[in-house]
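**Student:** would you be able to build a 3D model of this:
(one chain, ligands or ions: 2)
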Amino acid sequence: MPDERMRHSLSEGAPIVDAAPQYLSLQPKKNTVLVSHGRPPWYGEDGKRTCDAYVVAVSGGSGSGKTHVARQIIQSLGSIPTVIILSQDSFYKHHNEEELALAHANMLDFDHPDAIDMPMFAACLADLKACKQSNIPVYSFSEHQRLEEKKYLYGATIIITEGIMALHDPALRALYDLKVFVQCDSDLMLARRLQRDVKERGRSVDGILDQYLRFVKPSYDNFVRPTSSHADIIVPGSNNAVAIELISAHIRRQLQERANQFRQRLALPHRYLNGRSGASTLECRLEDLDLKVLPQTPQLQGIYTILRSKTTSRQDFVFFVDRLSTILVEHALQYLPYAPKTVITPVGVESHGQKSDAKNMCGVSILRSGGALERGFRRVINDVPVGSLLVQSDAKTGEPLLLHVMLPQCVRLRHLAEESWVFLLDAQIGTAAAAFMAIRVLLDHGVREDRIVFVTFLVARGGGVSVLRRVFPRVTIVCGAVDDQMREGWLEGVQGEGNPEGIGRKVWVMQPGMGQIGDRYYL
Ligand SMILES: Nc1ncnc2c1ncn2[C@@H]1O[C@H](COP(=O)(O)OP(=O)(O)O)[C@@H](O)[C@H]1O
Ligand SMILES: Nc1ccn([C@@H]2O[C@H](COP(=O)(O)O)[C@@H](O)[C@H]2O)c(=O)n1
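**Tutor:** Ligands and ions are numbered 1, 2, ... in the order given. The predicted structure follows:
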């Protein structure tokens, strides 16, 4: 189970609102990633994507209940990892001054297929379906205008897209796994639209009726209703509980089939390890792993001795973790590109030096223990953005689950991500399941593999690092020490806010290791 305390603090304290997933509620918001229990791996042991997101399209007239049906499907599905209701309304085109004046006079046709930027909608949907991020436009119904801001979306297992023209475009239809049309009487649609547009879209009754007679009704008859022929299922716009149940049963079955198909190839933590039961073996040679290990100086060994000791106080542990993080990040910086630079010194003499060429440097810590490297990271790299990923193991299956994605702007925007240098921070690479997932997330965003620098205190030679290396050979891994083994062991629970009963759990532990670094650093 995910750490409740982490879930609580992250959902409350998220500084970038639109990047934070919402936990499933009875009224799920549109264009937001809704999370129930986290996202299992969407890639196989070769690091490649094994399945697309499942896409359901819901079309129908305005006020037919498309959004309502999308929400009913989500509720009926119950526990699904992550889902987005993607609204086609967000893709209304940008309007010039003249069009805006017409719109405010209810004289602009928003019900013609040309009113929607179909290629942009298809491109965003295709990215989300392919498990990539998308930055979708934000539209204001009261201003009749596309706003400056964009909304970042990433990580849905199911996408439910809804809109009056959702089934209109053949390129869009090709992206759907299931096509639904909501059929409703025109008078009911008009009544609902009147109520909603007055309450939510700041419209007058006269204006709504004007627009309805001039554009909405003719367009429904000419463009919207005919697309029902493309639907796999027609759902009534009211009293539709049976239809919703059929749809959700179908989706559940489809997802189950996919899961069964791919489970064999999923990247389960124990499958990364060389030894399959109880303990891992030392099959790989250190030099084959191409790790950038800190020079083993006496003072570095001194730091590790303090950190490994179970009698070290928390105060000392925090101090030496911060010191070690600083050393590691300094060491990691040498793997960035540098170019010669000449400066004039205060005594007027030229000095020939170096300057880093790396653009958009940022950090991403893998919570919770990766957070222990953040202070050192910020000390070494001035004013650097730091994001986070929360990956936890499912107690039943052992699968890593992606629970939370909070990435810096230079990763969220694809055109920046392609140039960015990202330092992934985690306390150790043991099974490598979390590292694997975090690298996959960055690659999904367009970060180049050779611009990912993984910084960690410890790597287990007999752990999953050999698989990580084979799959992502161009990622630089910087560490301070290499431990020989991993063993399946029982970790005593530490009583605290998130674990009031101090319940222990079965984990893969590194040997000799440093214990649970996150617990020792934060508690
Ligand atoms: N099956 C239904 N039962 C009761 N109210 C509904 C139903 N479907 C839609 N509504 C209500 O009608 C209004 C318009 O529905 P909505 O789903 O927003 O329509 P659409 O997305 O098709 O424009 C909303 O206030 C919604 O609560
Ligand atoms: N500025 C706009 C843009 C669109 N509309 C109307 O919205 C309807 C589609 O949205 P639904 O949520 O009802 O499906 C469509 O019929 C447009 O007329 C608008 O009024 N103003």
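**Student:** which positions in the protein make contact with ligand 2?
**Tutor:** Contacts of the chain with ligand 2, taken as Cβ under 6 Å from any ligand atom, map to 62-63, 66, 89, 92, 103, 110-111, 141, 144, 164, 216. In short, each C-beta sits where N, CA and C put it, glycine included.
**Student:** list the buried residues of the helix or strand harbouring I327.
**Tutor:** Remark: I327 resides in helix 314-332, with elements defined by DSSP states H and E. For helix 314-332, burial by neighbour count (16 or more other Cβ atoms under 10 Å) applies to 317-318, 320-329, 331-332.
**Student:** for stretch 62-80, same thing?
**Tutor:** For stretch 62-80, burial by neighbour count (16+ other Cβ under 10 Å) applies to 62-74, 76-77, 80.
**Student:** need the three-state assignment for V182.
**Tutor:** strand (DSSP: H, G, I helix; E, B strand; the rest coil).
**Student:** and the nearest residue to it once chain neighbours are set aside, how many residues sit next to it?
**Tutor:** Among residues not flanking V182 along the chain, G60 sits closest, at 3.2 Å (Cβ to Cβ, 6 or more residues apart in numbering). Residues contacting G60 under the criterion other Cβ atoms under 10 Å number 29.
**Student:** show me what contacts G60?
**Tutor:** Contact analysis of G60 by Cβ atoms under 8 Å, 6 or more residues apart in numbering lists 66, 69, 164, 181-184, 224, 237.
**Student:** quick one, what contacts the residue nearest to L413 when sequence neighbours are not counted?
**Tutor:** Nearest residue to L413 in three dimensions, chain neighbours excluded: N135, at 6.2 Å (Cβ to Cβ, 6+ apart). Counting by Cβ under 8 Å, 6+ apart, N135 touches 150-153, 412-414.
**Student:** on that earlier part again, quick check: mean pLDDT across the helix holding I327?
**Tutor:** In this model, helix 314-332 has a mean pLDDT of 97.
**Student:** which strands and helices sit next to the helix or strand following that helix?
**Tutor:** Remark: after helix 314-332, the chain's next helix or strand is strand 338-344, criterion DSSP H and E. Here strand 338-344 touches strand 350-356, going by 3 or more Cβ pairs under 8 Å, 6 or more residues apart in numbering; DSSP states H and E.
**Student:** thinking again about what came up before, where's the residue nearest to L413, which helix or strand?
**Tutor:** Going by DSSP H and E, N135 is part of strand 134-140.
**Student:** so can I have a markdown table of the buried residues of helix 314-332 showing distance to V343?
**Tutor:** Output for the buried residues of helix 314-332, formatted as a markdown table (distance: Cβ to Cβ, whole Å):
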| residue | distance to V343 |
| --- | --- |
| F317 | 40 |
| V318 | 37 |
| F320 | 35 |
| V321 | 35 |
| D322 | 31 |
| R323 | 30 |
| L324 | 31 |
| S325 | 29 |
| T326 | 25 |
| I327 | 26 |
| L328 | 28 |
| V329 | 24 |
| H331 | 24 |
| A332 | 24 |
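**Student:** what's the closest of those to D394?
**Tutor:** V321 (27.9 Å; Cβ to Cβ).
**Student:** and the closest residue to L77 other than its chain neighbours, what does it touch?
**Tutor:** Spatial nearest neighbour of L77, excluding adjacent residues (Cβ to Cβ, 6+ apart): S248 at 4.9 Å. For S248, the contact set (Cβ under 8 Å, 6+ apart) comprises 73, 76-77.
**Student:** quick revisit: hmm, which two among the contacts of G60 are most spread apart?
**Tutor:** Pairwise across the contacts of G60, and taking Cβ to Cβ, the largest span is found between V69 and V224, at 15.0 Å.
**Student:** tell me how many other residues surround R258.
**Tutor:** R258, neighbours per other Cβ under 10 Å, totals 15.
**Student:** would you confirm that it contacts C51?
**Tutor:** Yes. R258 is within contact range of C51, at 5.2 Å (criterion: Cβ atoms under 8 Å).
**Student:** please see if stretch 126-146 touches ligand 1.
**Tutor:** No. Interface with ligand 1: stretch 126-146 contributes nothing (Cβ under 6 Å from any ligand atom), its closest point being 11.3 Å away.
**Student:** so which residues of the stretch 351-500 of the chain form helices?
**Tutor:** Counting by DSSP state H, counting those that start in this stretch, the stretch 351-500 of the chain has helices at residues 374-380, 409-412, 414-417, 433-444, 465-471.
**Student:** just those: most buried one?
**Tutor:** helix 433-444 (a mean of 24; mean count of other Cβ atoms under 10 Å).
**Student:** elements contacting it?
**Tutor:** Using 3+ Cβ pairs under 8 Å, 6+ apart: helix 433-444 touches helix 269-272, strand 361-367, strand 386-393, strand 400-406, strand 421-425, strand 452-460, helix 465-471.
**Student:** name the residues of stretch 212-219 that are buried.
**Tutor:** Buried-residue list, stretch 212-219, by 16+ other Cβ under 10 Å: 212, 215-217, 219.
**Student:** report the closest residue of the stretch 51-200 of the chain relative to ligand 1.
**Tutor:** G65 (2.8 Å; Cβ to the nearest ligand atom).
**Student:** strands along the stretch 101-250 of the chain, start to end?
**Tutor:** Using DSSP state E, counting those that start in this stretch, the strands of the stretch 101-250 of the chain run over 134-140, 145-153, 158-162, 178-183, 233-236.
**Student:** point out the most buried one among these.
**Tutor:** Mean neighbour count (mean count of other Cβ under 10 Å) peaks for strand 158-162 among the strands of the stretch 101-250 of the chain, with a mean of 25.
**Student:** partner strands of that strand, with direction?
**Tutor:** Taking DSSP bridges as the criterion, strand 158-162 forms sheet pairs with strand 54-60 (parallel), strand 82-87 (parallel).
**Student:** can you redo those strands as CSV with distance to A481 and mean pLDDT?
**Tutor:** Listed next are the strands paired with strand 158-162 as CSV, based on distance: least, Cβ to Cβ, whole Å; pLDDT from 0 to 100:
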stretch, distance to A481, mean pLDDT
strand 54-60, 43, 97
strand 82-87, 36, 91
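**Student:** could you pull out the helices for the stretch 1-150 of the chain?
**Tutor:** Under DSSP H, counting those that start in this stretch, the stretch 1-150 of the chain gives helices at 4-13, 66-77, 97-104, 118-129.
**Student:** which residues are contacting the second one?
**Tutor:** It stands for helix 66-77. Contact with helix 66-77 is made by 24, 26-28, 30, 34, 56, 58-60, 80, 83, 85, 87, 158, 160, 162-164, 166, 180, 182, 235, 240, 244-245, 247-248, 251-252, as judged by Cβ under 8 Å, 6+ apart.
**Student:** quick check, the residue of the stretch 51-200 of the chain closest to ligand 1 in contact with S238.
**Tutor:** Yes. Judged on Cβ under 8 Å, G65 makes contact with S238 at a distance of 7.0 Å.
**Student:** tell me, what's touching these two both at once?
**Tutor:** Counting by Cβ under 8 Å, 6+ apart, the residues touching both G65 and S238 are C184.
**Student:** before we move on, back to that, from the middle of its chain, how far away would the strand holding N135 be?
**Tutor:** 17 Å (Cα atoms, centre = their mean, to the nearest Å).
**Student:** stretch 185-198 now?
**Tutor:** Centre-to-centre, stretch 185-198 and its host chain are 36 Å apart (Cα atoms, centre = their mean).
**Student:** what's in contact with that stretch?
**Tutor:** With Cβ under 8 Å, 6+ apart as the criterion, stretch 185-198 contacts 61-65, 203-205, 208-209, 212, 216-217, 220, 237-238.
**Student:** can we see that at 6 Å?
**Tutor:** Contact with stretch 185-198 is made by 61-64, 203, 208, as judged by Cβ atoms under 6 Å, 6 or more residues apart in numbering.
**Student:** now do stretch 304-319
**Tutor:** Under Cβ under 6 Å, 6+ apart, the answer for stretch 304-319 is 320, 481, 512, 514, 520-521.
**Student:** just these: which has the poorest pLDDT?
**Tutor:** For the contacts of stretch 304-319, the pLDDT minimum is P512, 87.
**Student:** which ones are touching it?
**Tutor:** Counted by Cβ under 6 Å, 6+ apart, P512 has contacts R308.
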